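# could you work out the structure for the sequence below:
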Amino acid sequence: MEPNDIRSEELLAKEGYRQELARGLTVLQTVGLSLSDITPAASFFVIAAQVFPAAGTGAGWTFLIAGLVAISVAFCMAELGARYPIAGGLYSIVTRVLGRPLGFIAMIDYVVQAIFLPAAIALGIGGYIQTLIPGVNANIWATILLLIVTILAVLRVKTNANITGIFLSIELAVMLMVTVIGFIHPLTSIGQLMHPVTYKGVSASPVKSSVILAAIAVALFSYNGYDSAINFSEETDGSARNVGRSLMNAATMGVAFQVIPAFAVLFAVGTLHAFYTSSLPIAYYVNQAVGPTWTTVVILGVVLAVINATLAIVLQFSRVIYSTARDQSWPSPINRALMQIIPASGRPGLRCWWSDSLAWC
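You can find the predicted model right below:
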């Protein structure tokens, strides 16, 4: 029997771990959590502001090539995730494949991300809300968002999977609307896509292929997050193959829901100077196509996407931190605190040091 046909619990036991987290996630739910981490809508809106002005009508090719690179990497990660279905994710895999010294570096990288990434994404929500309510304080909204996410994160992982699934449905509906608008109102010919131009001032100028290729490094960030399927592997039901399947489905959908809208936007905007010089080109595009009301709807969808991404990332990194403590990476008191499992929900929890009773933070 191939390793990825074995149940994840068996591979977990071979690596010296006990099954402590509560299993119950289906492949669909794990895909939803991973795709929420990618957050196609928010990623596309943010990255588009960098890629479209630089690559012009060649931006679609940038997103497409970056998507092919991301899927190629996803194949490798899916195979590794099916072989090592451990909640530590890439940190655990690097440790086993490349050794403990490099695994330690990967762990530190993950921990730093766990500290700063949720806060950075939460701060990003202020920019979108300011487009609707000018003058709002981004720090206050970020704090409110993190409080909401903290409350949601203490629920069972299946409950969180259902919550993120609802938010994700709204997010993907926004991307579908962006796509349909573009293909219904085409203004750009295929020739403009084959011979890209952009604006460097008042008039259009050709875009060199080197610029399109350079922008791939930026576009790749919009697909980041599909590897989080591995972090939920100890809670995903069935064989270890389901971990790889979840990862590949999330990666493929994350790419499709950004590449297709990218070409749709290019077909709709032509070579409009205002689009390529706008700070929020996708918002400008929607506003010109269907008016300010639908632009508000789209921005609200992006706000929900940011909330959804923050929740998915907090859930992902909580599994990583739990895994580092289980591997005895910290002083003993910290390890004991961080590797606790809440009995009622089977999720990682932090036992309150100041309480002698079974109290959980």
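# can you map out the helices along the stretch 151-300 of the chain?
In the stretch 151-300 of the chain, helices defined by DSSP state H, counting those that start in this stretch lie at 157-184, 190-194, 209-214, 216-219, 228-231, 241-269, 273-276, 281-290, 292-326, listed in chain order.
# count the residues that sit near Leu68.
Around Leu68 sit 13 other residues, with neighbours defined as other C-beta atoms under 10 Å. All C-beta spots, glycine's among them, are computed from the backbone N, C-alpha and C.
# how close does it get to Thr295?
Computed with C-beta to C-beta, to the nearest Å, the distance linking Leu68 and Thr295 is 31 Å.
# for Gly99, same thing?
51 Å.
# what residues does the closest residue to Asn224 other than its chain neighbours make contact with?
Computed as C-beta to C-beta, 6 or more residues apart in numbering, the closest residue to Asn224 that is not its neighbour in sequence is Ile38, at 6.9 Å. Applying C-beta atoms under 8 Å, 6 or more residues apart in numbering, one finds that Ile38 lies in contact with 222-226, 250-251, 254, 309.
# out of these, who has the most neighbours?
Counting neighbours by other C-beta under 10 Å, Ala309 leads the contacts of Ile38 with 31 neighbours.
# nearest to Ala55, of the helices of the stretch 151-300 of the chain?
If you check each of the helices of the stretch 151-300 of the chain against Ala55 by C-beta to C-beta, helix 209-214 wins as the nearest, at 5.0 Å.
# let me see the mean pLDDT of stretch 287-305.
Mean per-residue pLDDT for stretch 287-305: 86.
# buried residues in that stretch?
287-290, 295, 298-299, 301-305 (16 or more other C-beta atoms under 10 Å).
# same question, stretch 277-287
Quick answer for stretch 277-287 (16+ other C-beta under 10 Å): 277-278, 280-287.
# where does the stretch 201-350 of the chain dip in pLDDT?
Confidence mapping of the stretch 201-350 of the chain against pLDDT under 70 gives the ranges 201-202, 270-272, 343-347, 349-350.
# so what's the residue count around Ala274?
Summarising burial for Ala274: neighbours were counted as other C-beta under 10 Å, giving 12.
# would you confirm that it contacts Tyr284?
Yes - counting by C-beta atoms under 8 Å, Ala274 sits close enough to Tyr284 to count as a contact (6.5 Å).
# now the residue nearest to Asn224: how far from Gly225?
According to C-beta to C-beta, Ile38 stands 4 Å off from Gly225.
# and if you look at Met107?
Taking C-beta to C-beta, one finds Met107 at 19 Å from Gly225.
# sorry, back to before: closest one to Lys208 out of the buried residues of stretch 287-305, please.
The shortest distance between Lys208 and any of those, using C-beta to C-beta, involves Gln288 and amounts to 27.8 Å.
# what residues sit buried inside stretch 48-62?
Neighbour counts using 16+ other C-beta under 10 Å place 48, 50-62 of stretch 48-62 among the buried residues.
# quick one: average confidence on that stretch?
Along stretch 48-62, the predicted confidence averages to a pLDDT of 88.
# who's in contact with it?
Among residues not part of stretch 48-62, those counted as contacts by C-beta under 8 Å, 6+ apart are 63, 188, 192-193, 196-199, 204, 207, 209, 211-216, 218-219, 259, 262-263, 265-266, 271, 275-282.
# how does it look with 7 Å?
Surrounding stretch 48-62, the residues in contact under the criterion C-beta atoms under 7 Å, 6 or more residues apart in numbering are 188, 192-193, 196-198, 207, 211-212, 215-216, 218-219, 262-263, 266, 271, 276-277, 279-282.
# what subset of those is buried?
Among the contacts of stretch 48-62, those classed as buried by neighbour count (16+ other C-beta under 10 Å) are 188, 192-193, 196-198, 207, 211-212, 215-216, 219, 262-263, 266, 271, 276-277, 280-282.
# which phi and psi does the residue nearest to the spatial centre of the chain have?
Averaging the C-alpha coordinates of the chain gives a centre point, and the residue nearest to it by C-alpha atoms, centre = their mean is Ile38 (2.0 Å). Backbone geometry at Ile38, expressed as degrees, to the nearest 10, gives phi -60, psi -40.
# Ala66 reaches Ala217, doesn't it?
No - contact between Ala66 and Ala217 fails when scored by C-beta atoms under 7 Å: they sit 8.2 Å apart.
# for Ile341, phi and psi?
Torsion angles, degrees, to the nearest 10, at Ile341: phi -120, psi 130.
# please name the nearest non-neighbouring residue to it.
The shortest distance from Ile341 to any residue other than its chain neighbours is 5.0 Å, reached at Glu20 (C-beta to C-beta, 6+ apart).
# tell me the secondary structure at that neighbour.
Recorded secondary structure, Glu20: coil (DSSP: H, G, I helix; E, B strand; the rest coil).
# verify the stated contact: it with Ile342.
No - the pair Glu20 and Ile342 fails to qualify as a contact (C-beta under 7 Å) at a distance of 10.6 Å.
# that older thread, could you dump the helices of the stretch 151-300 of the chain into JSON lines with distance to Val94 added?
Formatted as JSON lines, the helices of the stretch 151-300 of the chain follow (distance: least, C-beta to C-beta, whole Å):
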{"stretch": "helix 157-184", "distance to Val94": "24"}
{"stretch": "helix 190-194", "distance to Val94": "39"}
{"stretch": "helix 209-214", "distance to Val94": "28"}
{"stretch": "helix 216-219", "distance to Val94": "22"}
{"stretch": "helix 228-231", "distance to Val94": "12"}
{"stretch": "helix 241-269", "distance to Val94": "16"}
{"stretch": "helix 273-276", "distance to Val94": "40"}
{"stretch": "helix 281-290", "distance to Val94": "36"}
{"stretch": "helix 292-326", "distance to Val94": "12"}
